[in-house]
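Engineer: the sequence isn't on hand, but the structure is:
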């Protein structure tokens, strides 16, 4: 049991360490990365199965008893997130094998991806608020380097924006942790949850909750804190943008869900109402921003923002059904969004540009790729019977049963605009005849290899759509678990 | 920058700094000190070397590739975590034994090895930053 | 101390934000560094009831289970130490990045950083 909880952190760390030892051999580094990502996937599956079988698993690092030491806690939500990130990292590594150039590899591309995964998994597993800060920093530092690796002028400029806003967010987070410790005298999240109701200054707790909302809001790219995202996600290589788009903002969303279901639940009339308003605004601004764009990856970037709105909409409504729908949405979105970025990379490999005005005719060049684009694109827009439809349906049903009609309307409108955007990409990049018949040499072999992970993720999207009943029932279990605060306290602090 | 005074001083200071860094590393056992401070001190020694000579000379003086230092350090720290785990505790649980005769026993445990791992990682990482920055500077 | 430190924190935050809002890249990084320091000091002071004790090391004598006198809470100091170490790493990276940026863009005027917004 102990081992299961540390493996998602130890496997990436060990593989990064071994890669450092064989720094000169790119081939060995690749092999290590493939093996490590597969190991991560296996350990994630075992973790999920055991969490479903025996319930929450806790381990006290260094055997220091709970409120004093750091604990790792895996509940169903954490286990699901770890599994889906493991799927993404396997896909990313396989995609990178043919798409990442030698220069990137020489600068330690694979160890960096692994360190990023260590941060992501650590953030999902930790039960200690300060430890969460540390994992966020691990994740951020690796992502900083991945963002600017290659050092194109665009990348460096976007790096500045990304680094600055994320550092500001970290400072907010740290400030919040400090005040929270001053108020409760605890860092263990269960311990904080236990002592927060006894705090006699509700206004102070409210202020802390807003500090956390801002800190995680910047990471999750919610309105009005999202400006770093569309300014940076379209500059690194496609594999890097895909893993960023799939995972990084979702760690912010996970942190929001965790903190606002476990810690700050004293005053949902204020906090969760605020989150709901932000959710609506995030959806609308994100999708409207996308309409104005003409660059493949920038459109996708703006859609990440609008989708984040959906994810925190469930948190804002704050019912069992809504949270389950949110969790379902996050899981579906990670796979679909990463996949769309993968597709954009293949299109770039064929045509050498991301500019929609100069793209076209992919449909005749590679019908297979066109099909593989349509699956995640239509899923993102919420076309049945794909995964996105059920995710949106769950949220809308939850919204209606909670009588939050305004946000439901916003969600529906955003869905239509998303469909419009995806159709626009389809028309411009795939359907219309190419304005300039430029093809990069030897793209067929590379594209075929890159399409393997894309196809696998597309298949997964269809499977999630077909098995949506099952996944939704798992999400419901997860949401029951995170809403049952007493269970968390009992498990972590025996 | 090539100053005779700096070079002469560096020649004597470097071994002292390195010794002091190991002293700090081991002192971290029960007193202020430890792997991080020790590692930074050792990195300072090499930084002094870089200032007195240049990046290439410092590289030769270190002999080991900084990446290798980082990798080894990480593995040592990780390994020390697993020792606790396989002897029945949780990950990173301290396991203690002792060396020396019965009159002068010294406790020695996995936290020491964790610290040695940190020490190597800090040296490696600082060296990597220093070397790549100076190399770039020298190129221009 | 308990009135002076909050003022220092306020000044640090204000200076950090002012620096970050200037157009210069160099001032931006000074601002970021100050912002981290402001948070660190805030943690130190916010835990004042627990942390600001003069001459009370948190060591419990051998054979006893509670401390004999008031002791300083070591946790905020541990937090700050960790945050400083992380801040050191991040700032070292940011400095290297800013140096590269200056080379690539040729100016430290942040208003010239518009390539990512085009297209």
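Structural biologist: Nice, thanks for sending it over. All figures in this text were calculated on a predicted structure; none of them were measured in a lab. Numbering: from 1, shown residues only, chains lettered A, B, ... in the order given.
Engineer: SS state for the closest residue to chain B within chain C?
Structural biologist: Using CB to the nearest CB, the closest approach of chain C to chain B is made by residue C:92 at 5.7 Å. Just so you know, the C-beta spots here come from the backbone N, C-alpha and C atoms, and that holds for glycine as well. Following DSSP: H, G, I helix; E, B strand; the rest coil, we place residue C:92 in the helix state.
Engineer: tally of neighbours for residue A:265?
Structural biologist: Number of residues near residue A:265 (other CB atoms under 10 Å in any protein chain shown) recorded here: 18.
Engineer: circling back to that earlier point, for the residue of chain C closest to chain B, give me its contacts.
Structural biologist: For residue C:92, the contact set (CB atoms under 8 Å, 6 or more residues apart in numbering or on different chains) comprises residue B:129.
Engineer: now it: how far from chain A?
Structural biologist: Distance from residue C:92 to chain A, counting by CB to the nearest CB, to the nearest Å: 10 Å.
Engineer: and that residue, what pLDDT?
Structural biologist: Listed pLDDT for residue C:92 reads 83.
Engineer: what about the residue nearest to residue A:348 when sequence neighbours are not counted, distance to residue A:293?
Structural biologist: Distances taken as CB to CB, 6 or more residues apart in numbering or on different chains put residue A:354 closest to residue A:348, at 5.7 Å, once the chain neighbours are dropped. Here the criterion is CB to CB, to the nearest Å. By it, residue A:354 lies 11 Å from residue A:293.
Engineer: where does the chain dip in pLDDT?
Structural biologist: Assuming you mean chain A. For chain A, applying pLDDT under 70 flags the ranges A:1.
Engineer: wait, chain B was what I had in mind.
Structural biologist: For chain B, the stretches flagged by pLDDT under 70 are B:1-2.
Engineer: strands along that one, start to end?
Structural biologist: Listed in chain order, the strands of chain B (DSSP state E) span B:96-99, B:106-109.
Engineer: could you dump the ones you listed to a markdown table with distance to residue A:90 and mean neighbour count?
Structural biologist: Shown next, in a markdown table, are the strands of chain B (distance: least, CB to CB, whole Å; neighbours: other CB atoms under 10 Å in any protein chain shown):
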| stretch | distance to residue A:90 | mean neighbour count |
| --- | --- | --- |
| strand B:96-99 | 40 | 10 |
| strand B:106-109 | 38 | 13 |
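Engineer: helices along chain B, start to end?
Structural biologist: Assigned by DSSP state H, the helices in chain B fall at B:4-27, B:35-52, B:55-62, B:66-86, B:110-139.
Engineer: from the structure, what's the count of residues near the residue in the stretch 51-200 of chain A that chain C sits nearest to?
Structural biologist: Proximity of the stretch 51-200 of chain A to chain C (CB to the nearest CB) peaks at residue A:178, 3.3 Å away. Here the number of neighbours of residue A:178 (other CB under 10 Å) works out to 26.
Engineer: then the one 10 residues further on?
Structural biologist: By the criterion of other CB under 10 Å, residue A:188 has 24 neighbours.
Engineer: sec struct for the closest residue to it other than its chain neighbours, please.
Structural biologist: Closest residue to residue A:188 apart from its sequence neighbours, by CB to CB, 6+ apart: residue A:67 at 4.8 Å. Three-state call for residue A:67 (three-state DSSP): coil.
Engineer: tell me which residues touch residue A:67, please.
Structural biologist: Contacts of residue A:67 by CB under 8 Å, 6+ apart are A:186, A:188, A:190-191, A:493.
Engineer: how close does it get to residue A:373?
Structural biologist: 50 Å.
Engineer: helix or strand for the residue in chain A positioned nearest to chain B, just tell me which one.
Structural biologist: Per CB to the nearest CB, residue A:20 is where chain A lies closest to chain B, at 3.0 Å. Per DSSP states H and E, residue A:20 falls inside helix A:2-21.
Engineer: name the residues of that helix that come out as buried.
Structural biologist: Buried residues in helix A:2-21, defined by neighbour count with 16 or more other CB atoms under 10 Å in any protein chain shown: A:2, A:4-21.
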